[in-house]
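Asker: model the following, please.
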Amino acid sequence: MKYLIMKRIDCGGESSVLSTIKEANTFDDAIRMKVGAEMLEGDDSKNKIEIFINIDDAFKFVSNSNAEVKAEALADHERDAQKGH
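Answerer: Coordinates of the predicted model:
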């Protein structure tokens, strides 16, 4: 799954601008990049560094994870059944 590290620049009022800083392939990398980007921001900065994910990627990730869990459970069940006979 891809993670986008974004900078939200407050333009005053209700408006803000999003700017892509970097793209990460793992959550750990995304956290490291986010922390690094926050360290580069000044202490008085009103900008926010955020991590975004694409909802389609998240759905595929969850669907694939569920399929893998079900496949593992089925394989365990079949092994148990073979041992019992």
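Asker: how about low-confidence regions in the protein?
Answerer: The model of the chain has pLDDT under 70 over residues 69, 84-85.
Asker: domain ranges for it?
Answerer: 1-53, 54-85 (automatic domain parsing).
Asker: what's in contact with stretch 4-18?
Answerer: 19-24, 30, 33-34, 37, 46-54 (Cβ atoms under 8 Å, 6 or more residues apart in numbering). Heads up, the C-betas are built off the backbone N, CA and C, glycines and all.
Asker: swap in 7 Å and give it another go.
Answerer: Stretch 4-18 is contacted from outside by 19-24, 30, 33-34, 37, 46-52, using Cβ atoms under 7 Å, 6 or more residues apart in numbering.
Asker: repeat that for stretch 24-40.
Answerer: 2-3, 5, 7, 21-22, 49, 51.
Asker: quick one: the strands in the chain?
Answerer: 3-10, 16-24, 48-53 (DSSP state E).
Asker: reformat these as JSON lines; add mean neighbour count.
Answerer: JSON lines is the format used below for those (neighbours: other Cβ atoms under 10 Å):
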{"stretch": "strand 3-10", "mean neighbour count": "17"}
{"stretch": "strand 16-24", "mean neighbour count": "13"}
{"stretch": "strand 48-53", "mean neighbour count": "15"}
